[in-house]
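**Q** My questions are about this predicted structure, shown below with the sequence.
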Amino acid sequence: MSVASWLLSAGERGNRVTRLDRRHRDGAAWTAGNEVRPLVHGVSYFAELVRCVRLMRAGDLLLFTDWRGDPDQAMSAEGIEISTLLCETATRGVVVKGLVWRSHLDAFAFSEQQNRHLGEEIEAAGGECLRDMRVRLGGSHHQKFMVLRHPGRPQLDIAFVGGIDLCHSRRDDGDHHGDDQPQPFAAAYGPRPPWHDIQLAIRGPAVGDIETVFRERWEDPAPLIRNPIDRIIDALRREDTRPGPLPAQLPDPRPRGSHTVQVLRTYPYRRAARYPFAPEGERSIARAYEKAMARAHTLIYVEDQYFWSVDVAACFAAALRANPGLHLIAVVPRCPDQDGRLSQPPNLVGQQHALDHIRAAGGDRVAIYGIENEAGTPVYVHAKVCVVDDVWASVGSGNLNRRSWTHDSELSCAILDEAGDPRIPLSVSRFGDEARFFARELRLELAREHLGRAPGDDSDLVDPRTAFAAFADSAASLAHWYAGGKQGPRPPGRLRPHDSPRLSRATLTWATPLYRTFYDPDGRPWGLRRRHRF
């Protein structure tokens with residue numbers, strides 16, 4: 001397998017200004033020799049995060065970014081809250097630095113107050129947590145990662161990257177009964193919305209790349225907020241708005257595993273106050289998907305919060321048209337997270353157009369599912385996962401929508417495993433690339449959960465072609481049980497065929513402009529927009 005045929009070169013990233021690739025002596029835009037472990041569900045991630053953070057001592061370095069942080073979010077069954085965990089860590093002499101999105105006003109159902117309070121508590125304990133509004137108009141900082149460095153103990157260095165915020169509703173497990181601390185949500189998900197998500201635990205040289213992502217943002221000399229009224233309010237509150245110095249960056253951890261990791265990002269193009277590390281923006285998440293889809297031959301497996309935008313769907317549709325044997329499985333939320341008469345239709349517009357585009361290209365080779373728990377309550381799919389031909393895998397914060405590919409800040413990782421998977425079929429790629437253990441096992445772990453299978457019960461799922469049929473059979477069985485009045489035992493599995501409500505022409509007329517400008521805006525330079533390029 002040629003790594004360069006799947007991953008972006010430094011030139012293909014489209015951002016030669018960033019230190020991310022220039023810092024590698026061999027000029028590669030990725031690092032080899034990493035150990036990557038998927039942490040499926042918030043319970044798994046939070047428990048591992050608490051364990052690792054408690055090993056830190058004076059002089060160590062903890063860096064984090066977040067979209068939303070709720071200070072009282074419980075991280076474990078014993079009830080330790082995220083603010084307590086980070087504050088105790090700072091009190092021990094660990095250097096704690098954080099960047100959380102400043103957020104829009106709480107009146108618009110965002111998280112301004114929560115993010116401010118988390119920062120205040122960390123600052124009071126001796127750490128530094130800044131609210132960062134260096135975004136494009138209407139945009140957000142959506143990166144969610146944590147970097148732990150240990151001078152003199154590099155074997156403990158670790159980074160966590162994915163889609164899980166340090167906030168309410170995220171601490172759910174495989175049973176999907178929801179978090180004891182829910183956030184307001186669409187009524188269909190009940191009082192404790194079940195939540196499906198994933199984070200990566202990464203050890204090895206890639207930790208240095210992820211730390212570099214944080215340092216580039218932290219060292220941006222632009223003001224954290226440009227609004228003059230907000231700046232006056234911050235001054236009256238004596239809020240910290242000037243990033244303090246960071247310790248010198250340690251050498252990258254030594255290789256320790258078989259995983260090659262490429263760090264992928266989105267930054268928008270901003271006419272004023274351009275990012276010094278991405279003056280034209282960066283769209284390497286979009287470009288990585290386009291490159292991987294061009295090699296897809298047998299199965300694209302996707303889990304995503306949105307799957308919006310025809311521009312995003314285009315590379316999937318092109319792959320389906322080019323390869324008559326290619327199938328696509330997508331797991332998405334059964335319902336939007338908002339159900340208001342005015343807020344729900346814009347949530348549906350982009351998905352309706354995107355899925356119509358993909359289905360027109362792939363026909364019955366395209367299967368879209370939602371999932372529910374054993375009680376029949378929909379599970380909100382917040383994961384951002386893609387596996388192509390059991391070779392290339394991606395996990396991160398970037399969704400399959402135009403906002404995530406062009407407009408907000410995002411961070412994802414593409415993973416290629418040097419270790420081949422010994423299970424048959426050894427290869428499903430037209431290029432002869434052997435299935436990789438990480439990508440295949442990630443797909444199987446997620447499939448077993450959605451099909452209600454025990455660990456190891458996946459002999460019919462190993463081959464992506466029979467896996468497609470197994471998904472369809474499971475969803476059909478559950479649909480038949482519902483259609484028959486739920487007579488007899490409930491069939492195993494959680495898959496329900498996903499059919500978005502069709503919007504009327506009148507609704508599309510008013511909801512489409514709102515969707516394009518507010519829900520799924522475009523952060524590309526005008527030249528790329530006109531050419532529909534990333």
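**A** Done, it's in. All values derive from a computational prediction rather than experimental measurement.
**Q** wait, isn't residue 64 in contact with residue 143?
**A** No: using C-beta atoms under 8 Å, residue 64 makes no contact with residue 143, being 9.6 Å away. All C-beta atoms are positioned from the backbone trio N, CA, C, and that covers glycine.
**Q** These two - which one has more neighbours?
**A** Comparing residue 64 with residue 143 by other C-beta atoms under 10 Å, the one with more neighbours is residue 143, at 28 against 24.
**Q** Three-state assignment for that one, please.
**A** What DSSP: H, G, I helix; E, B strand; the rest coil gives for residue 143 is coil.
**Q** how near is it to residue 215?
**A** Counting by C-beta to C-beta, to the nearest Å, the gap from residue 143 to residue 215 is 13 Å.
**Q** tell me the pLDDT at the residue most central in space within the chain?
**A** The chain has residue 397 as the residue nearest its centroid, 2.3 Å off, counting by C-alpha atoms, centre = their mean. Among the per-residue scores, residue 397 shows a pLDDT of 98.
**Q** Residue 342 too?
**A** Reading off the confidence values, residue 342 has pLDDT 81.
**Q** on that earlier part again, need the overlap of contacts for residue 143 and residue 215.
**A** Contact criterion C-beta atoms under 8 Å, 6 or more residues apart in numbering; no residue bridges residue 143 and residue 215 by contacting each.
**Q** which residues of the stretch 351-500 of the chain fall in helices?
**A** Using DSSP state H, counting those that start in this stretch, the helices of the stretch 351-500 of the chain run over 402, 437-451, 464-483.
**Q** For residue 420, find the nearest of these.
**A** Minimum separation from residue 420 across these (C-beta to C-beta) falls at helix 437-451, 6.8 Å.
**Q** Going by neighbour count, which residues in the closest one are buried?
**A** For helix 437-451, burial by neighbour count (16 or more other C-beta atoms under 10 Å) applies to 437-444, 446-451.
**Q** Give me the nearest residue to residue 346, chain neighbours excluded.
**A** residue 515 (4.1 Å; C-beta to C-beta, 6 or more residues apart in numbering).
**Q** phi, psi of the one you found?
**A** The phi/psi pair for residue 515 (degrees, to the nearest 10) reads phi -60, psi -50.
**Q** That one is in contact with residue 342, isn't it?
**A** No: contact between residue 515 and residue 342 fails when scored by C-beta under 8 Å: they sit 11.9 Å apart.
**Q** ok, which stretches of the stretch 51-200 of the chain are helices?
**A** 82-91, 112-124.
**Q** Any idea how far the first one is from the middle of the chain?
**A** Relative to the chain's own centre, helix 82-91 is displaced by 25 Å; criterion: C-alpha atoms, centre = their mean, to the nearest Å.
**Q** and it, what does it pack onto?
**A** Secondary-structure packing of helix 82-91 (3 or more C-beta pairs under 8 Å, 6 or more residues apart in numbering; DSSP states H and E): helix 42-53, strand 95-101, helix 112-124.
**Q** low pLDDT regions in the stretch 151-300 of the chain?
**A** For the stretch 151-300 of the chain, no stretch has pLDDT under 70.
**Q** Equivalent analysis for the chain, please.
**A** Along the chain, segments meeting pLDDT under 70 span 104-116.
**Q** Make a markdown table out of the helices of the stretch 351-500 of the chain and add distance to residue 259.
**A** Formatted as a markdown table, those follow (distance: least, C-beta to C-beta, whole Å):
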| stretch | distance to residue 259 |
| --- | --- |
| helix 402 | 30 |
| helix 437-451 | 6 |
| helix 464-483 | 21 |
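**Q** Please give me every residue in contact with residue 373.
**A** So residue 373 contacts 175, 176, 177, 194, 379, 494 (C-beta under 8 Å, 6+ apart).
**Q** please redo it, this time with the cut-off set to 7 Å
**A** With contacts defined as C-beta atoms under 7 Å, 6 or more residues apart in numbering, the neighbours of residue 373 are 176, 177, 194, 379, 494.
**Q** before we move on, what about residue 171?
**A** With contact taken as C-beta under 7 Å, 6+ apart, residue 171 is in contact with 42, 43, 46, 74, 179.
**Q** so the fourth one touches residue 81, yeah?
**A** What that stands for is residue 74. Yes: between residue 74 and residue 81 there is a contact at 6.0 Å, judged by C-beta atoms under 7 Å.
**Q** who touches both of the two?
**A** Here residue 74 and residue 81 have no joint contacts, going by C-beta under 7 Å, 6+ apart.
**Q** tally of neighbours for the residue nearest to residue 346?
**A** Residue 515 has 24 nearby residues by other C-beta under 10 Å.
**Q** Also the one 3 residues further on?
**A** Each residue near residue 518 was counted by other C-beta under 10 Å, and the total is 11.
**Q** Check for me that it belongs to a helix.
**A** Yes: judged by three-state DSSP, residue 518 forms part of a helix.
**Q** From residue 139, how far out is it?
**A** With C-beta to C-beta as the criterion, residue 518 and residue 139 are 11 Å apart.
**Q** returning to that earlier point: please identify the deepest-packed of the helices and strands packed on helix 82-91.
**A** Burial of those is given as mean neighbour count (mean count of other C-beta atoms under 10 Å); strand 95-101 ranks first at a mean of 25.
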